[in-house]
Every structure is written in structure tokens, then in C-alpha cells.
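Engineer: the amino acid sequence is not available; the structure is as follows:
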């Protein structure tokens, strides 16, 4: 699973590089008459904003939280 996550991260970063640092995502409209509608949105990403689950746990642990990562 970790290999799949690493490949997905690399795919996202490669796509972002080809589109000037952004990827196309979708956000759900909250409030108003169109609740639940999905709208396309360009999202800025870089090496620091795209992480695997393991990387997130490693960062949290470095911050001093007592967490363990098991899979």
C-alpha cells in the first residue's frame, strides 16, 4: 500500500509540474441553493503539500506527539 501511495504522490507532483504547479480537483459547494454540487477547482501543490500517510505520521511524531503508525 505504501508503494501505491508513493506512486500516487509522484503522479500528483508530475501533473502539477506540467500545469505550472497546480492540479485540477473538485470541491463541494457548501450552503446556498446548490448544496452538494461539485465544482472544478485548480489547487496549488508542491513537494511540501503532497504527502503519503507515513510521511504525515512521521511529521506528527517529529512535532512531539506520541503516535505509532501500524499498517
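Structural biologist: Alright, I've got the coordinates. Owing to the predicted nature of the structure, the values given are computational and were not obtained by experimental measurement.
Engineer: spatially central residue for this structure, please.
Structural biologist: Closest residue to the average C-alpha location of the chain: residue 50 at 4.8 Å, with C-alpha atoms, centre = their mean.
Engineer: got the contact list for that residue?
Structural biologist: 9, 12, 13, 16 (C-beta atoms under 8 Å, 6 or more residues apart in numbering). In short, each C-beta sits where N, CA and C put it, glycine included.
Engineer: helix or strand for it, which one?
Structural biologist: Here residue 50 is covered by no helix or strand, with elements defined by DSSP states H and E.
Engineer: what two of the contacts of residue 50 have the greatest distance between them?
Structural biologist: 9 and 16 (10.7 Å; C-beta to C-beta).
Engineer: these two: who's more crowded?
Structural biologist: Applying other C-beta atoms under 10 Å to residue 9 and residue 16 shows that residue 16 carries more neighbours, namely 19 against 16.
Engineer: wouldn't the more buried one be in contact with residue 46 here?
Structural biologist: Yes: counting by C-beta atoms under 8 Å, residue 46 is a contact partner of residue 16 at 7.3 Å.
Engineer: so which of the contacts of residue 50 is the closest to residue 70?
Structural biologist: residue 9 (20.4 Å).
Engineer: skipping adjacent residues, who's closest to the closest one in space?
Structural biologist: residue 50 (5.2 Å; C-beta to C-beta, 6 or more residues apart in numbering).
Engineer: quick check, pLDDT for that neighbour.
Structural biologist: Residue 50 is assigned a predicted lDDT (pLDDT) of 97.
Engineer: returning to what we had before: export the contacts of residue 50 to TSV and tack on distance to residue 57, pLDDT and secondary structure?
Structural biologist: Shown next, in TSV, are the contacts of residue 50 (distance: C-beta to C-beta, whole Å; pLDDT from 0 to 100; DSSP: H, G, I helix; E, B strand; the rest coil):
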residue	distance to residue 57	pLDDT	secondary structure
9	14	98	helix
12	19	97	helix
13	20	98	helix
16	23	97	helix
